[in-house]
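In: build me a structure from this.
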Amino acid sequence: MKKPAVLICGHGSRDTDAIEEFKNFVGSIEEKIPDRQVGYGFLEFASPTIGEKLIKMRDLGINNVEAVPGMLFAAGHAKNDIPSVLNNFIAENKEFIINYGRELAIHPKILAASCARIEEAEATCKTKINRKDTLLLVVGRGTSDPDANSNISKITRILWEGMGFGWAETAYTGVTFPLIGPALERILLLGFKRIIVFPYFLFTGVLVKRIYTTIDELQDSRPDVFILKAKYLSNHPLVVEGFLDRLKEISLGENLMNCQLCKYREQIIGYENDKGSPQIGHHHHVEGIGTDHNSHNHHSRKTNEN
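Out: Just a heads-up that it's a prediction; the model follows:
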């Protein structure tokens, strides 16, 4: 029996480096499962869109797909926007089967990859400094979903305790708080000799580059403190393995998101009105816009940049 094709659903970005890294990541997945057809599509700012890729797969005679969000956490994109595209396609193509997997989430292999990235940054420090004298700052993207945001805090705590840092903080690049700028201002008041900033992102892009620029500017103004830049996760071998684990869960029927604290299913403090919201996509106006010749800059919104 022929195995289902795989569709990796990315967010998309206007940053060409980000798109290339995503494609390389898909290539790494493809190498691990040579017996399956692997494709990708984007929600916004890049082509092909998820819908366009599904049409192409259908036209090639494929009618069974396992779709997985190429994202770290389940916020609006993984919970609403991608399922909306998939459901609309199924509604128009009754013979087509799509089984949807879960996001990478908090996975032991992703945590191990995070640890490796932080250790790589430590190795660049010219002066030997104990971890007890080091503060770890984990920076997440930031969303309007408190459950997804809290997972960044959980990642921070696990890395903090597991690696033995003197202190750790969590910050975000937008939407929620604390933002990275104010967070770094407060962190410097704590008096640690070394700060390691780890962007908890899968790929590069506008936001990751902005984080690194912020760190460079701060280091120039504070030569008395070592401020190290850890690399984002990228296609670290353990990230690839974690993604393949999520893919296996689909066939095992274990592809379950965390619904206990989902603001769309439960009344979460401060988000009571979101419970029961319809599963509607919000990216129609920017599908396919960004890295090709049809790019239109007037669609840009900082909160959606990657």
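
In: pLDDT below threshold where in the stretch 151-300 of the chain?
Out: 257-272, 274-300 (pLDDT under 70).

In: quick one, helices of it?
Out: Listed in chain order, the helices of the stretch 151-300 of the chain (DSSP state H, counting those that start in this stretch) span 180-188, 206-221, 237-252.

In: so the second one versus helix 180-188, what angle?
Out: What separates the directions of helix 206-221 and helix 180-188 is an angle of 40 degrees, with axes from the mean of the first three to the mean of the last three CA atoms, to 10 degrees.

In: possible to save the helices of the stretch 151-300 of the chain as TSV with mean neighbour count?
Out: Where you see a C-beta, it was placed from the backbone N, CA and C, and this is true even at glycine. As requested, the helices of the stretch 151-300 of the chain are exported to TSV (neighbours: other CB atoms under 10 Å):
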stretch	mean neighbour count
helix 180-188	16
helix 206-221	16
helix 237-252	17
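
In: contacting residues for Thr134?
Out: Residues in contact with Thr134 (CB atoms under 8 Å, 6 or more residues apart in numbering) are 122, 165-166, 192-196.

In: domain assignment for the protein?
Out: 5-103+237-304, 108-229 (automatic domain parsing).

In: in a strand, that's where Thr127 is, yeah?
Out: No. Under DSSP: H, G, I helix; E, B strand; the rest coil, Thr127 falls outside any strand and is assigned coil.

In: now it: closest residue in space that isn't a chain neighbour?
Out: Phe226 (6.8 Å; CB to CB, 6 or more residues apart in numbering).

In: gap between that neighbour and Cys125?
Out: Between Phe226 and Cys125 the distance is 6 Å, computed by CB to CB, to the nearest Å.

In: which one of these two has more residues nearby?
Out: Phe226 (20 against 14; other CB atoms under 10 Å).

In: show the pLDDT at His77.
Out: At His77, the model reports a pLDDT of 87.

In: quick one, phi/psi of it?
Out: phi -60, psi -50 (degrees, to the nearest 10).

In: begin at 28 from now on, thanks
Out: Sure, I'll start counting at 28 from here, so that last one is His104.

In: tell me how many other residues surround the residue nearest to Thr151 when sequence neighbours are not counted.
Out: Spatial nearest neighbour of Thr151, excluding adjacent residues (CB to CB, 6+ apart): Leu255 at 6.2 Å. Per other CB under 10 Å, the neighbour tally for Leu255 reads 21.

In: how close does Leu255 sit to Ile46?
Out: Distance of Leu255 to Ile46, given as CB to CB: 27 Å.

In: and the residue nearest to Val53 when sequence neighbours are not counted, which helix or strand is it part of?
Out: Once flanking residues are discounted, Val53 sits nearest to Tyr67: 4.8 Å by CB to CB, 6+ apart. Tyr67 is part of strand 65-69, with elements assigned from DSSP states H and E.
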